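Chemist: coordinates only, sequence not included:
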């Protein structure tokens, strides 16, 4: 089944992974569930295990300790799946680029596991909830 | 406001190697590394000082350890400074007497390689599992 | 027989397969010991600081922890201002106080929501986060950003808040006070919440002192410390407010402290908005002489402490950062020993560790490392306990 068809039939269930983030992006992601933004009306749901996920929402620079865990989570997510790199850290490591304990950014680490991974970038520090929603909706339409 | 430095002088005056005031409420007192743990315990147990944290810093003359104490009711801060020699920096641990010091000392052990003798659990705390042993990121010679 | 249990603490989505971060050792239903691996979040910030100039560092430390985003830069900036002997203009002191108190409010309200979620009161969670939104909007209107305000700088503040906005700030605070009043009563008057949270996760005063804890975690155990009073900074000496303490040290006490502190913060913000004087918002600081100093502030979670050493160049020689969770989280060992598994989630949450810390927690047996519960199941255990209590109370 093509991604597009499947996305139309079932809105994405999303698993959130924090790979060494400052929490800003994570809290803003959670805000998407609260009444003001309420992304459940788009059918977007946060699930408790990668095995049920269609998409991974990843925050953080991917620290050295978190890198193997991120790959493991990606392995467990059924394919096809999409990886959203949320925030400056996940997209490019941002201000932590020169750190001695960073292994990221997200695309580099995921591509070590799967060179053909589908990765979408939502930059910002943190991206506003509206930007995240826009990013996700745009991604669904592109794919 | 009680002068905590004066208090310390009455009990340990002979061990104080130097003292400086930063701003009026901040004092920095230098002692030897063999005296530092005893005096730190004294500040914590007898003078009512709250251990805030310990800063470790690498210098050419050894690794400096700064024990930062807050005297909340007295509105003042006192830092006890000492230095341990390289290549085998070690000092008595505060952790057996003050659980609050456990993580603080473990972090310095990770990042600077200081051994805190008597620490109940001096295992890796913040560096990754695959980080090479013996490499301490805050040592100046590790930095390119 | 020893059991192992996995408790990832964090709303919803524990990383079940992720290697454990916090390890709680259990025997039967009771917790007996704790250890931790902090590595997942270690980004090497202190060393990064040494490669930046003094005025770049605030942008770095804002991102140590997003919820305490205003506290870290201010503590650092105060340390540097101490080294340089800078006297900050009065208007800037009020601006700093205003933003930092708005941060405390949004952080405490966030916590109320999370705590509600952990014990199965999801309505509380939704309400709390709904009332939090106007505060973030206010922060955006006044500083330009919902989070990561970058409002303070060495010598004062980077941006002014127009006096035209002050009446709006006061109005929003009044509205918030009304919502918080309703939420506070709903929580504090609920007999099931009393039964659920009182006596749970107790941190004794003696343990609070031995673990050197700070913030609401300390104040809920009768340790009356607060940097805003003990080493006043910004404008805290210029406005009226009181320290909130409780004596019992349990989860309920910690909730009471945070709820009542929110009202004190509302008072402080209103006074700042009303009393803020005119004048410049910054003095120019051209160089930082050699020296060393500490700077600390009362972040929402407790004392945030920075130490800075300068050698007269334009970069710090050493910058040490101690966030409040670093001393508060280990106290979980004392408050959790003897607790049952269904209470672990809320006991940990009561210490209010940084969210990114809370995602990774596990309860294991030293020997077998067998996993019995997922994180969701543990939060469900907590919810079940609440439900049982409600049934018993006939509600």
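Modeler: Received it, and whenever you're ready, just let me know what you need. Computed from a predicted model, the values in this text were never measured in an experiment.
Chemist: need the helices for the chain, in chain order.
Modeler: No chain specified, so I'll use chain A. Applying DSSP state H to chain A gives helices spanning A:3-9, A:24-31, A:67-76, A:87-92, A:106-113, A:129-142.
Chemist: Actually, chain B is the one I wanted.
Modeler: Counting by DSSP H, the helices of chain B are B:4-12, B:36-45, B:102-112.
Chemist: Just tell me which of those ends up closest to chain C.
Modeler: Comparison of the helices of chain B against chain C by CB to the nearest CB identifies helix B:102-112 as nearest, at 5.6 Å. Where C-beta positions appear, they are placed from N, C-alpha and C, glycine not excepted.
Chemist: any idea of the mean pLDDT in that closest one?
Modeler: Here helix B:102-112 scores 94 as its mean pLDDT.
Chemist: now it, how far from the chain's geometric center?
Modeler: Taking the mean of its C-alpha atoms, helix B:102-112 sits 11 Å from the chain's own mean (CA atoms, centre = their mean, to the nearest Å).
Chemist: just stretch C:292-304 next, same as before
Modeler: Mean-position distance between stretch C:292-304 and its chain equals 12 Å (CA atoms, centre = their mean).
Chemist: And stretch C:260-269, by the same measure?
Modeler: Worked out by CA atoms, centre = their mean, stretch C:260-269 lies 15 Å from the chain centre.
Chemist: same question, stretch B:13-29
Modeler: Counting by CA atoms, centre = their mean, stretch B:13-29 comes out at 15 Å from the chain centroid.
Chemist: ditto for stretch C:54-71
Modeler: 14 Å.
Chemist: any residue of that stretch up close to chain A?
Modeler: Yes: counting by CB under 8 Å from any CB of the partner chain, chain A has neighbours in stretch C:54-71: C:59, C:60, C:63, C:64, C:65, C:66, C:67, C:69.
Chemist: So for chain C, which of the helices of chain A sits nearest?
Modeler: Sorting the helices of chain A by CB to the nearest CB, the top spot, which is the nearest, belongs to helix A:24-31 at 3.0 Å.
Chemist: if we can go back for a sec, of all the helices of chain A, which lies closest to residue C:203?
Modeler: Residue C:203 lies closest, by CB to CB, to one member of the helices of chain A: helix A:24-31, at 25.6 Å.
Chemist: just checking, what packs against that closest one?
Modeler: Secondary-structure packing of helix A:24-31 (3 or more CB pairs under 8 Å, 6 or more residues apart in numbering or on different chains; DSSP states H and E): strand A:13-18, strand A:55-59, helix A:87-92, helix A:129-142, helix C:122-143, helix C:355-358.
Chemist: what sits up against the third one?
Modeler: Okay, so that is helix A:87-92. Outside helix A:87-92, the residues that touch it by CB atoms under 8 Å, 6 or more residues apart in numbering or on different chains are A:19-22, A:24-25, A:58-62, A:85, A:94-96, A:104-107, A:121-127.
Chemist: can you give me the mean pLDDT across that helix?
Modeler: Averaged over helix A:87-92, pLDDT sits at 94.
Chemist: ok, now the longest one?
Modeler: Mean pLDDT, helix C:122-143: 89.
Chemist: repeat for the shortest one
Modeler: For helix C:355-358, the mean pLDDT works out to 43.
Chemist: Give me the pLDDT value at the residue in chain B sticking out farthest from the centre.
Modeler: Relative to the centre of chain B, the most outlying C-alpha is that of residue B:130, 27.6 Å out, by CA atoms, centre = their mean. Among the per-residue scores, residue B:130 holds a pLDDT of 89.
Chemist: now residue C:390
Modeler: For residue C:390, the model assigns a pLDDT of 83.
Chemist: residue contacts, it?
Modeler: residue C:192.
Chemist: Check for me that it belongs to a helix.
Modeler: Yes: using DSSP: H, G, I helix; E, B strand; the rest coil, the assignment for residue C:390 is a helix.
Chemist: Residue C:350 versus that one, what's the distance?
Modeler: In this view, residue C:390 and residue C:350 are 20 Å apart by CB to CB, to the nearest Å.
Chemist: what's near enough to touch residue 109?
Modeler: By default, I'm working from chain A. The contact partners of residue A:109, by CB under 8 Å, 6+ apart, come to A:19, A:62, A:67, A:70, A:71, A:103.
Chemist: my bad, chain C
Modeler: By CB under 8 Å, 6+ apart, the contact set of residue C:109 is C:128, C:129, C:131, C:132, C:135, C:180, C:262.
Chemist: same thing but at 10 Å, please
Modeler: C:127-133, C:135, C:176, C:179-180, C:183, C:258-259, C:262 (CB atoms under 10 Å, 6 or more residues apart in numbering or on different chains).
Chemist: Return the members of those residues classed as buried.
Modeler: Buried residues within those, counting neighbours by 16 or more other CB atoms under 10 Å in any protein chain shown: C:127-129, C:131-133, C:135, C:176, C:179-180, C:183, C:258-259, C:262.
Chemist: Quickly name whichever of the residues you listed is closest to chain A.
Modeler: Nearest to chain A among those, counting by CB to the nearest CB, is residue C:129 at 4.2 Å.
Chemist: re the thing from before, so which of the contacts of residue C:109 is the closest to residue C:164?
Modeler: residue C:135 (19.1 Å).
Chemist: can you pull out the helices in the stretch 101-250 of chain C?
Modeler: Per DSSP state H, counting those that start in this stretch, the stretch 101-250 of chain C carries helices over the ranges C:122-143, C:166-188, C:191-197, C:205-210, C:215-219, C:227-230.
Chemist: will you turn these into a markdown table that also has distance to residue C:110?
Modeler: Formatted as a markdown table, the helices of the stretch 101-250 of chain C follow (distance: least, CB to CB, whole Å):
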| stretch | distance to residue C:110 |
| --- | --- |
| helix C:122-143 | 6 |
| helix C:166-188 | 13 |
| helix C:191-197 | 18 |
| helix C:205-210 | 23 |
| helix C:215-219 | 13 |
| helix C:227-230 | 20 |
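Chemist: do you know which of these lies nearest chain B?
Modeler: Nearest to chain B, of all the helices of the stretch 101-250 of chain C, is helix C:227-230, at 4.2 Å by CB to the nearest CB.
Chemist: what packs against the closest one?
Modeler: Applying 3 or more CB pairs under 10 Å, 6 or more residues apart in numbering or on different chains; DSSP states H and E, one finds that helix C:227-230 makes contact with strand B:62-71, helix C:90-118, strand C:291-299, strand C:302-310.
Chemist: winner for burial among those?
Modeler: strand C:302-310 (a mean of 27; mean count of other CB atoms under 10 Å in any protein chain shown).
Chemist: Which helix or strand lies directly C-terminal to it?
Modeler: strand C:316-322 (DSSP states H and E).
Chemist: can you give me how far that next one is from the chain middle?
Modeler: 21 Å.
Chemist: partners of it, with directions?
Modeler: strand C:302-310 (antiparallel) (DSSP bridges).
Chemist: quick one: low-confidence ranges for chain A?
Modeler: A:1-10, A:143 (pLDDT under 70).
Chemist: what residue lies at the spatial centre of it?
Modeler: Mean-position check on chain A, CA atoms, centre = their mean. Result residue A:57 at 1.9 Å.
Chemist: list the contacts for that residue?
Modeler: Applying CB under 10 Å, 6+ apart, we find residue A:57 in contact with A:12, A:14-18, A:25-26, A:29, A:32, A:44, A:46, A:82-86, A:90, A:120, A:122, A:132, A:136, C:13.
Chemist: roughly how far apart are it and chain B?
Modeler: 23 Å (CB to the nearest CB, to the nearest Å).
Chemist: Flag the shaky bits of chain B, pLDDT-wise.
Modeler: Ranges of chain B meeting pLDDT under 70: B:142-144.
Chemist: In it, what residue lies closest to chain A?
Modeler: For chain B, CB to the nearest CB, closest residue to chain A: residue B:128, 3.9 Å.
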